[in-house]
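S.K.: have a look at this prediction, sequence included:
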Amino acid sequence: MLGARYAGADESTVAALQQYGLEVGVAFQITDDVLDLVGSQEQMGKTLGRDLAEKKLTLPVIHALAQADTARRSRIRDLAGRRTPERHLLAELLRQTGSIAFSTEMAAGYVSSAIERLEALRPGDSRTALKRLAGSILTRDL
């Protein structure tokens with residue numbers, strides 16, 4: 001947004017790019033939350049499961065708790081509440097409740113909306129690069 005403003009873009013372009021940034025950020029965070037549960041530490045190059053260890057509720061877990069039957073909900077709470085959560089067990093429960101797929105679809109929706117915002121820019125290298133950047137969020141080692 002600031003870059004567009006300082007480049008002299010009109011207000012509608014600045015607003016479109018601000019919304020693009022927000023939507024790309026949300027998509028990135030959702031994808032990061034999914035990868036924290038189902039990603040490979042070797043591929044990601046970072047310690048995974050930190051959100052669980054810090055007892056942070058993320059979209060996949062919130063969705064699972066809302067969708068799960070009583071027994072699964074209890075199991076999800078138990079696994080997520082452990083000092084050293086067993087990511088693979090929790091990930092399987094989240095897959096069973098459709099929460100991984102739901103979260104991935106939500107991220108894709110945000111990416112799609114962000115890319116639509118780029119129609120405010122004239123065609124060119126910058127618009128192409130921003131589209132690629134947004135699209136790459138969905139292919140981050142899922």
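M.R.: Arrived safely. Just so we're clear, the structure is a prediction, and the values are computed from it rather than from any experiment.

S.K.: I figured V38 hits A91, correct?
M.R.: Yes: V38 is within contact range of A91, at 4.7 Å (criterion: Cβ atoms under 8 Å). (Each C-beta comes from the backbone N, C-alpha and C, glycine too.)

S.K.: which residues are in contact with both of those two?
M.R.: Taking Cβ atoms under 8 Å, 6 or more residues apart in numbering as the criterion, V38 and A91 both touch I100.

S.K.: buried stuff in stretch 135-142?
M.R.: Neighbour-count burial for stretch 135-142, counted by 16 or more other Cβ atoms under 10 Å, picks out 137-138.

S.K.: restrict it to CA atoms and write it as CSV.
M.R.: Taking Å, rounded to 0.1, in the frame of the first residue of the first chain, the C-alpha atoms of stretch 135-142 are listed here in CSV:
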residue,chain,number,x,y,z
GLY,A,135,-0.4,-18.3,-5.9
SER,A,136,2.8,-19.6,-4.4
ILE,A,137,1.2,-19.5,-0.9
LEU,A,138,-0.9,-22.5,-1.8
THR,A,139,2.0,-24.7,-3.0
ARG,A,140,4.2,-24.2,0.1
ASP,A,141,5.0,-27.9,0.7
LEU,A,142,1.4,-29.0,1.4
